[in-house]
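>>> Below: sequence and its predicted model.
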Amino acid sequence: MTAPVRVRFAPSPTGHLHVGGARTALFNWLFARHNGGTFILRIEDTDAERSKDVYTQAILDGLRWLGIDWDEGPDKDGGHGPYYQTQRLHLYRSAVEQLLREGKVYHCFCSPETLSAMREEQMARKEDPKYDGRCSCLSREEVEKRIAAGEKFTLRLRVAAGENVAWNDLTKGELSFGSHLLDDLVVVKSDGFPTYNFAVVVDDSLMKITHVIRGEDHISNTPKQILIYRALGYPVPQFSHIPMILGSDRSRLSKRHGATSVIDYKEMGFEPEAFRNFLALLGWSPETGAEVLTQDEMFKLFTLDRVSSHGAIFNMEKLAWFNAEYIKKMDGATVLNRCRPWLEKLPGFPGEYDAARLEKMVGLYRERMKTFNEIESQIGWFFAEPAEFDAKGMEKAAKIADRAVLLTELIARLEAQADFSEIPLEALIRGFAEEKGRKVGDIIHLCRLGLSGRTATPGLFESMAVLGKPSSIRRLKTFVTRI
RNA sequence: GGCCCCAUGGUGUAACCGGCUAACACGCAGCCCUCUCAAGGCUGAGAGCGGGGGUUCGAGUCCCCCUGGGGCUACCA
C-alpha cells in the first residue's frame, strides 16, 4: 500500500498571487483531489526583507477567489504545522545539528567578497564558477577559535565528487545531473537562517510531502535538494516539474505582458471558475478532449502524465471565451450580482428599477459580454437618457423621409398601448411599419437611436419592455425635437 | 560561457506501446439567421508536424546532430 498523497503549494509572501503560482497551486490541488490526498499550504516567509503580511493575506484571498481550498495551512492545523517557515526555525536548527554531528556539513568562513572574487577568477579562466571547498578541511580547533573570535560563517554541505543525481520526473521523465557541477552548497546563511533549498527539504520531509509539483524553473534546484535529502537520510519524494506560463513573446510571463496578479482578473470582470478552468487547460488536457469542465470533472480527469512538457502562452482571447461560456450558463440573479460593482458606477443607477427588472435588463447582455466590466460601457442608457446621439446613426436617420411625423404618430400609438411587453410591442411596431409602407428596420433603428443614443443595443422590443412605457415615450418625444 | 528543459497551424492542445487524407478549441474570413450588436448554425483559410541525418515496409511519434526558444547558474525564494 502506497502512502497517502500529500502535496503542497509554498508561495513566498512577496507579492500578490500571480498567474503562474495560481496554476501551480491548481495542479497541486487537482492532483490531491484526484487521489483523495491532502493539499497543504505553506508560507515561505524567510526573506524578512521582502515578506509582508498583507501579501500572505493577498495570496490566501487569491486562492479563495479561485475556489482552491487547502486541507492544512496557516489557518488550518493538520498536525504538521506550523505553516509559516519563520515559525519553523527550531526544526531547521535540529536538522542542522544532526548534519553537524554527522560531519556532513562544515563551517565556511569565506566572506561574500572572497566568494565573488573566486567566482570572477574562475570565470576569467573559463571554468564553472563553484566553491572550491577551501574551508572543508579546517581543523576543529581552528573552527572553534574563529567562531570564538566572532567570525561570521555559513554551513556548507559536503558534496562527494562524482556523485550522480537522477530522478524520474513525473512530467519530464528521466532527469539527471552530474554532481561535478554541484558545489558544496550553503545550508545555513551567516545570519543563522536556513537557505531556501534546505528549508524546503526539511519542511517537505516533516510535512510528509509525497509529490513535489512545481514550476520547471525549479528543475535545477532539485539535484541540490536531493543531495540534502540524502544527507539527512530522508526519503526523497516524487517530483513533477510543470511548464511555465509564457507571455506573448514566449518569455516568462511578466507585468509587461499585462496583468499578472490573479486578483486583477477579478477586477477585470472574470468569473473565478472560468479563470480556473482556463488555467487548468494551460499545459494540461483531459483525455476526453473536453474544455469546459466542472470542478468534479477536473478532479476525476486530472493526471500528471497528461501535463505537457513545454511552456504555454497565456492567451487573453481564449480566457475571454471561457468566461463568456460560463456567463451563458449562469442564472440571472448571479449575473446581476457579478455585474453589480460596475452597475453601481453608472449615473442614475438603479433609478426606478427593482431587482426583477434589473435582472431582466442585465439578462439582455448576458450573451453580449465576455467580461462583467463590459456592462459598464453598454447598459448606461437604461439609467440616464441619452445626452447625445450616435453621429453615424443620425446620418442614417436623416435619410428617412418624414421621420418626425412618422415618429410622432408612433408615439401616439405607443401611448395608447396598455401592455408594454415584448410581444405586443413587436406586433405594434411591425404593424405600424407595414401600414405606413415603411421598412421595419428603419422604424426600429430610429427608435433604438432615440431611446439609447446608440446604434447597437439588445433587441429593441425586449429593451423597450424593460425600459418601460413612461421612459420610452419621454425619450422618443425628446428625440422628435432633435431630428 | 556552463548546465538543464522544450519544439505539431497565430494561440492552447490531440494524435494509445510507429500505420493520418494530422484532429479539437480559441482567434480569423465568408455565408445563413436577423431590427443593430452579440449569441447560434454552416463553410473556409491556416501546420505536412523547427532543420538535417539515420532506424524501419512505414516516423509528428524511436536515435543522433544542428538550429531556435526558455529556465537555472546567490549566504533570493
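Ah, there it is.

>>> Strands of the stretch 251-400 of chain A, start to end?
Taking DSSP state E, counting those that start in this stretch as the criterion, the stretch 251-400 of chain A carries its strands at A:312-313.

>>> Spell out which parts of it neighbour RNA strand B.
A:251-252, A:281-285, A:287, A:289, A:291, A:306, A:308-313, A:315, A:317-318, A:320-321, A:324, A:328, A:367-368 (Cβ under 7 Å from any atom of the strand). All C-beta spots, glycine's among them, are computed from the backbone N, C-alpha and C.

>>> how does it look with 6 Å?
Residues of the stretch 251-400 of chain A found near RNA strand B, taking Cβ under 6 Å from any atom of the strand as the criterion, are A:251-252, A:281-283, A:285, A:289, A:291, A:306, A:308-313, A:315, A:317-318, A:321, A:367-368.

>>> Among those, which are located in helices?
The helices, defined by DSSP state H, take in A:Glu317, A:Lys318, A:Trp321 from these.

>>> out of those, who's nearest A:Leu343?
Of all these, the one with the least separation from A:Leu343 (Cβ to Cβ) is A:Trp321, at 23.6 Å.

>>> Give the PyMOL command for selecting the buried subset of the ones in helices among the residues of the stretch 251-400 of chain A next to RNA strand B.
Here the buried members of those are turned into a PyMOL selection, burial being counted by 16 or more other Cβ atoms under 10 Å:
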select buried, chain A and resi 321
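
>>> one step back: please spell out the PyMOL selection for the buried subset of the residues of the stretch 251-400 of chain A next to RNA strand B.
Remark: buried members of those, expressed as a PyMOL selection using 16+ other Cβ under 10 Å:
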select buried, chain A and resi 281+282+283+311+312+321
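
>>> Any stretches of the stretch 51-200 of chain A with poor pLDDT?
By pLDDT under 70, the weakly predicted segments of the stretch 51-200 of chain A are A:179-180.

>>> hey, where'd the helices end up in it?
For the stretch 51-200 of chain A, the helices defined by DSSP state H, counting those that start in this stretch occupy A:53-66, A:89-101, A:112-124, A:140-148, A:196-206.

>>> got the contact list for the closest residue to A:Leu451 other than its chain neighbours?
Sequence neighbours aside, A:Arg475 is the residue nearest to A:Leu451 in space, at 5.1 Å (criterion: Cβ to Cβ, 6 or more residues apart in numbering). For A:Arg475, the set of contacting residues under the criterion of Cβ atoms under 8 Å, 6 or more residues apart in numbering consists of A:Glu385, A:Pro386, A:Gly450, A:Leu451, A:Leu467.

>>> will you turn these into TSV that also has pLDDT and neighbour count?
Converted to TSV, the contacts of A:Arg475 look like this (pLDDT from 0 to 100; neighbours: other Cβ atoms under 10 Å):
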residue	pLDDT	neighbour count
A:Glu385	95	15
A:Pro386	95	18
A:Gly450	96	24
A:Leu451	97	24
A:Leu467	96	22
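
>>> Check these against A:Ser111 and report the nearest one.
Minimum distance to A:Ser111 across those is 72.7 Å, recorded for A:Pro386 (Cβ to Cβ).

>>> Could you measure from that closest one over to A:Arg475?
A:Pro386 sits at a distance of 7 Å from A:Arg475 (criterion: Cβ to Cβ, to the nearest Å).

>>> For the two, list the residues in contact with both.
Going by Cβ under 8 Å, 6+ apart, residues that sit against A:Pro386 and also against A:Arg475 are A:Leu451.

>>> re earlier: quick one: which of the contacts of A:Arg475 is nearest A:Asn168?
A:Leu467 (65.1 Å).

>>> Confirm for me that that closest one is in contact with A:Cys447.
No: assessed by Cβ atoms under 8 Å, A:Leu467 is found out of contact with A:Cys447, at 10.7 Å.

>>> and the residue in the stretch 301-450 of chain A positioned nearest to RNA strand B, what does it touch?
Of all residues in the stretch 301-450 of chain A, the one sitting closest to RNA strand B is A:His310 (2.9 Å; Cβ to the nearest atom of the strand). Contacts of A:His310 were listed using Cβ under 8 Å, 6+ apart, and they are A:Pro243.

>>> Look up phi and psi at it.
According to degrees, to the nearest 10, the main-chain angles of A:His310 amount to phi -120, psi 160.

>>> Please report how far it lies from A:Tyr353.
When Cβ to Cβ is the yardstick, A:His310 and A:Tyr353 sit 50 Å from each other.
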